[in-house]
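> have a look at this fold, sequence not included:
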């Protein structure tokens with residue numbers, strides 16, 4: 001694979017601009033809390049907005065909140081989030097230095113007995129959420145993004161991305177934002193026990209592609 005072009009450099013720090021973006025993100029969070037632009041908002045417990053600092057060097061984008069995220073109101077706090085935390089610790093990337101969010105802001109599920117089981121969002125549901133994600137990108141202004149899974153990749157790039165073929169590769173959006181493609185951590189949890197360690201090793205190698213570009217986060 002050819003070496004990727006340098007990621008876009010952050011603009012010089014400007015306290016006023018940062019404050020404006022923080023205010024804008026908070027206003028967006030409040031607006032999204034009552035979003036009913038698709039049916040998912042009528043059934044989920046709450047909107048799960050992204051978390052992390054403005055000017056975070058990396059934005060990690062997943063598919064949608066899971067059961068625990070829906071209950072707690074925070075992204076990546078369930079089993080997949082715990083696996084992500086393990087990877088971040090091994091990479092030396094403090095979670096609080098990253099911006100973590102999802103392409104879809106509400107949990108889509110179906111009931112099986114008393115359990116709420118994950119269902120993949122329909123494209124029209126993801127499309128209804130796209131403006132929220134793009135607003136996060138606009139105001140966080142990350143240097144690069146990581147697409148965790150096919151839904152995130154499609155929403156970030158604007159077209160279907162074959163994740164298994166493109167994993168570990170960088171793609172570039174029209175606005176210049178570079179996007180690293182890889183699996184969602186929940187995909188590793190679905191692997192057979194004997195395959196999970198190797199799957200995790202390969203996934204960590206994908207994530208390390210971002211470390212080569214931005215260095216060690218502090």
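Received it, and whenever you're ready, just let me know what you need. Here the structure is a predicted model, which means the values were calculated and not measured. Residues are numbered from 1 along each chain as shown.
> once you drop chain neighbours, what's closest to the residue nearest to the spatial centre of the chain?
Nearest to the geometric centre of the chain sits residue 61, at 1.1 Å (Cα atoms, centre = their mean). The shortest distance from residue 61 to any residue other than its chain neighbours is 4.2 Å, reached at residue 152 (Cβ to Cβ, 6 or more residues apart in numbering). No exception for glycine: its C-beta is placed from N, CA and C like everyone else's.
> so which strand or helix has the one you found?
When elements are assigned from DSSP states H and E, residue 152 belongs to helix 150-157.
> likewise for residue 120?
Of the helices and strands defined by DSSP H and E, none includes residue 120.
> what of the one 4 residues further on?
For residue 124, the host element (DSSP H and E) is helix 123-140.
> follow-up on the earlier one: quick one, phi/psi of the residue nearest to the centre of the chain?
phi -120, psi 120 (degrees, to the nearest 10).
> okay, now the unreliable bits of this protein?
Per-residue confidence for the chain (pLDDT under 70) gives these ranges: 1-14, 216-218.
> follow-up on the earlier one: need the contact list for the residue nearest to residue 61.
Residue 152 is in contact with 61-63, 102-103, 184, counting by Cβ atoms under 8 Å, 6 or more residues apart in numbering.
> if we use 7 Å, what do you get?
The contact partners of residue 152, by Cβ atoms under 7 Å, 6 or more residues apart in numbering, come to 61-63, 103.
> again with residue 54
For residue 54, the contacting residues are 18, 21-22, 25, 139-140, by Cβ under 7 Å, 6+ apart.
> rewinding a little: quick check: buried residues in the helix holding residue 124?
125-126, 128-129, 132-133, 135-137, 139-140 (16 or more other Cβ atoms under 10 Å).
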